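*Asks:* give me a 3D structure for the following:
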Amino acid sequence: MLDDVYRDSDGKMGKALEATRADFASIRTGRAAPSLLDRLHVEAYGSSVPLKQVASVNSPDGRSLLVTAFDKSVVGAIRKAIETSDLGLNPNVDGASIRLSIPPLTEERRKELVKIVHKKAEEHKVAIRNLRHKAIDEIKALAKNRTITDDQIKRGQDQVQKQTDKYIKQIDELVGGKEKEIMEV
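*Replies:* Numbers count the residues shown, from 1 in each chain. Have a look, this model is predicted:
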């Protein structure tokens, strides 16, 4: 029973960590990375679809991205999605492809991005703490039903706290790495 609580909370905390990684991948650094456009959605074929489904994205050099549409009719929609995003990029349309120049970041913009990283990290830490809270509530429910002993309750709460600390530490490490990457000139 306690093992189920551990497994469940560990799986959910792992997903929160992956969500943090995904969020951080979409934050622009000085380098051109195809993952920068991962969260963009394009209005195509009557619905909103992820950019990856209508185009390929690659980085021919470290300073630009090349978006190649699979169907030339969606190029305008892709351009619009890039322009309306919060990335601050200006797309140059060339037939079925769109070239994006990634300008070097200003010091002010770097500091702004670091703040965004810290804000997103805190949101994910809160999610992990909420998962800890739910797991401890489940342990207390088991205790109320008298299916576990007082020692098991204490051990269970300690175990859940250790899981929480482990995932929070990993998020802090991700923040440190991303911050270093952003501040790198």
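*Asks:* nearest residue to the residue nearest the centre of the chain other than its sequence neighbours?
*Replies:* By Cα atoms, centre = their mean, the chain has its centre lying nearest to D23, at 1.9 Å. Leaving aside its sequence neighbours, D23 sits nearest to K120 (Cβ to Cβ, 6 or more residues apart in numbering; 4.8 Å). Where you see a C-beta, it was placed from the backbone N, CA and C, and this is true even at glycine.
*Asks:* repeat that for R31.
*Replies:* G62 is the one closest to R31 (Cβ to Cβ, 6+ apart), at 5.5 Å.
*Asks:* that neighbour contacts T29, doesn't it?
*Replies:* No - the criterion here is Cβ atoms under 8 Å, and G62 misses it with T29 at 10.7 Å.
*Asks:* picking up where we left off before, and the residue nearest to the centre of the chain, what's its pLDDT?
*Replies:* D23 is assigned 84 on the pLDDT scale.
*Asks:* and the helix or strand where it lies, what does it pack against?
*Replies:* Taking DSSP states H and E as the criterion, D23 maps to helix 2-25. Packed against helix 2-25 by the contact rule (3 or more Cβ pairs under 8 Å, 6 or more residues apart in numbering; DSSP states H and E) you find helix 107-144, helix 150-183.
*Asks:* list the buried residues for it?
*Replies:* L2, V5, Y6, S9, D10, K12, M13, A16, L17, T20, D23, F24 (16 or more other Cβ atoms under 10 Å).
*Asks:* what comes up buried for stretch 142-150?
*Replies:* Neighbour-count burial for stretch 142-150 [16+ other Cβ under 10 Å]: L142, A143, I148.
*Asks:* give me the distance between the two termini of that stretch.
*Replies:* 11 Å (Cα to Cα, to the nearest Å).
*Asks:* repeat that for stretch 45-63.
*Replies:* 31 Å.
*Asks:* just stretch 95-111 next, same as before
*Replies:* This stretch, stretch 95-111, spans 36 Å end to end (Cα to Cα).
*Asks:* what of stretch 88-100?
*Replies:* End residues of stretch 88-100 are separated by 10 Å (Cα to Cα).
*Asks:* avg pLDDT for that stretch?
*Replies:* The predicted model assigns stretch 88-100 a mean pLDDT of 86.
*Asks:* phi and psi next, for R99.
*Replies:* Main-chain dihedrals, R99, degrees, to the nearest 10: phi -100, psi 130.
*Asks:* can you check N58 too?
*Replies:* According to degrees, to the nearest 10, N58 has phi -140, psi 170.
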